[in-house]
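J.: here is a sequence together with a model predicted from it:
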Amino acid sequence: MLLIAELVAALVGLYYLITRNIGYWKYFSFYLVFIALQESFWHFGFGIDPNVKQNYYAYFGIPVQYLFLYWLYAFNSLQMPKLFWSCVGLYLLSYIPIELWLKKLNVLYALNLTIGTVILMGLALLEFLKQIRDDSILNFRQNKMFYINAGVVLFYVGTYPLFCFYEQLRTRYQSIWNYYFLYFLLANISMYLLFTFSFLWGTRGSK
C-alpha cells in the first residue's frame, strides 16, 4: 500500500510536469519520481546484501530527502537562502563525529535523524507561521505548501521517536513498537497522498 501511494504521487507529479508549466515545482516532481524508483528498487531487493541497503539509506537515500525538503522550505517557500545553507551545513556536519570516532551505523541513524528532524521541525514551524502571517492558510485548499507541510509533520515529526528509540522499543516494548510501526505506515501513506493532493488541488503560484 505504501509503495502504491509513492507511485501514485510520482505519476501525478510526472503528469503535471509534462502537461503544465509548474515552475520550480518541477523539482518536486523529480523528487517524487526519485523516491518511487528508489523504494521500488529496494522493495524487490534483487538479492542485494541488506547491509548495502542500510548503507545506501544512511549515506544517500535519507540525506537526499532531508536536503531536498530543506531546499523546498527554506530556499523556495520561506525565501531564506542563508537559512537553507545553514541547515545543509548543520545536517552534513552530523556525519563527521560518527565517521571519525564511532563508525556505528545505528548511532549514525539516531544522530542524523535527530538533527535532520529537528531542523525540519523548525522549518515546518516557520512555514506554518508564514502562512498565518500572509493569511494563505485561510485558502489552504489551493495552498500547495499546506499539504506538503501537513504531510511532513505527520510523517517526519510524528515518527521521529520511533526511529530514535527503534531498538529499545522493538526489544523491550514490543506492543508499543507494533502500534507505532502501524502509525509509521499510515503516516507515510498519508504524506504521499497529501503530496498528491498538492498537485491536484494546489495552485502553481502558491507557496
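T.: Great, that's in hand.

J.: contacts only, for the spatially most central residue of the chain.
T.: The centroid of the chain falls nearest to Q65 when counting by C-alpha atoms, centre = their mean (5.1 Å). Shown in contact with Q65 (C-beta atoms under 8 Å, 6 or more residues apart in numbering): I35. From N, CA and C alone the C-beta is placed, and that goes for glycine too.

J.: now do 6 Å
T.: For Q65, no contacting residues are found, by C-beta atoms under 6 Å, 6 or more residues apart in numbering.

J.: ok, so what distance separates it from Q54?
T.: 16 Å (C-beta to C-beta, to the nearest Å).

J.: quick one: the helices in the protein?
T.: Counting by DSSP state H, the chain has these helices, from start to end: 2-19, 26-44, 50-56, 62-70, 81-93, 95-97, 105-133, 144-152, 160-164, 166-172, 174-200.

J.: ranking these by burial, who's on top?
T.: Stretch with highest mean neighbour count among these: helix 144-152 (a mean of 23; mean count of other C-beta atoms under 10 Å).

J.: list phi and psi for the closest residue to L111 other than its chain neighbours.
T.: Distance criterion C-beta to C-beta, 6 or more residues apart in numbering; nearest residue to L111, sequence neighbours excluded, is S94 at 5.4 Å. Dihedral pair for S94: phi -70, psi -20, per degrees, to the nearest 10.

J.: contacting residues for S94?
T.: Contacts of S94 were listed using C-beta under 6 Å, 6+ apart, and they are L111, N112, I115.

J.: Q142: which of those residues is nearest?
T.: Minimum distance to Q142 across the contacts of S94 is 33.4 Å, recorded for I115 (C-beta to C-beta).

J.: how close does that closest one get to N76?
T.: Distance from I115 to N76, by C-beta to C-beta: 22 Å.

J.: find the nearest non-adjacent residue to Y66, please.
T.: G116 (4.3 Å).

J.: kindly report the same for C87.
T.: Nearest one to C87, counting by C-beta to C-beta, 6+ apart, is Y70 at 4.4 Å.

J.: Y16 too?
T.: Excluding its sequence neighbours, the residue lying closest to Y16 (C-beta to C-beta, 6+ apart) is F199, at 5.0 Å.

J.: what of Q142?
T.: T203 (4.6 Å).

J.: in this protein, which ranges drop under the pLDDT threshold?
T.: Within the chain, the ranges that satisfy pLDDT under 70 run 97-109, 204-207.

J.: what sits against the residue nearest to L193 when sequence neighbours are not counted?
T.: Sequence neighbours aside, A5 is the residue nearest to L193 in space, at 5.9 Å (criterion: C-beta to C-beta, 6+ apart). Counting by C-beta under 6 Å, 6+ apart, A5 touches I189, Y192, L193.

J.: list just the nearest of these to L83.
T.: Checking the contacts of A5 one by one against L83 (C-beta to C-beta), the nearest turns out to be Y192, at 26.1 Å.

J.: not including adjacent chain positions, what is the nearest residue to E6?
T.: Counting by C-beta to C-beta, 6+ apart, the residue nearest E6 is A36, at 4.8 Å.
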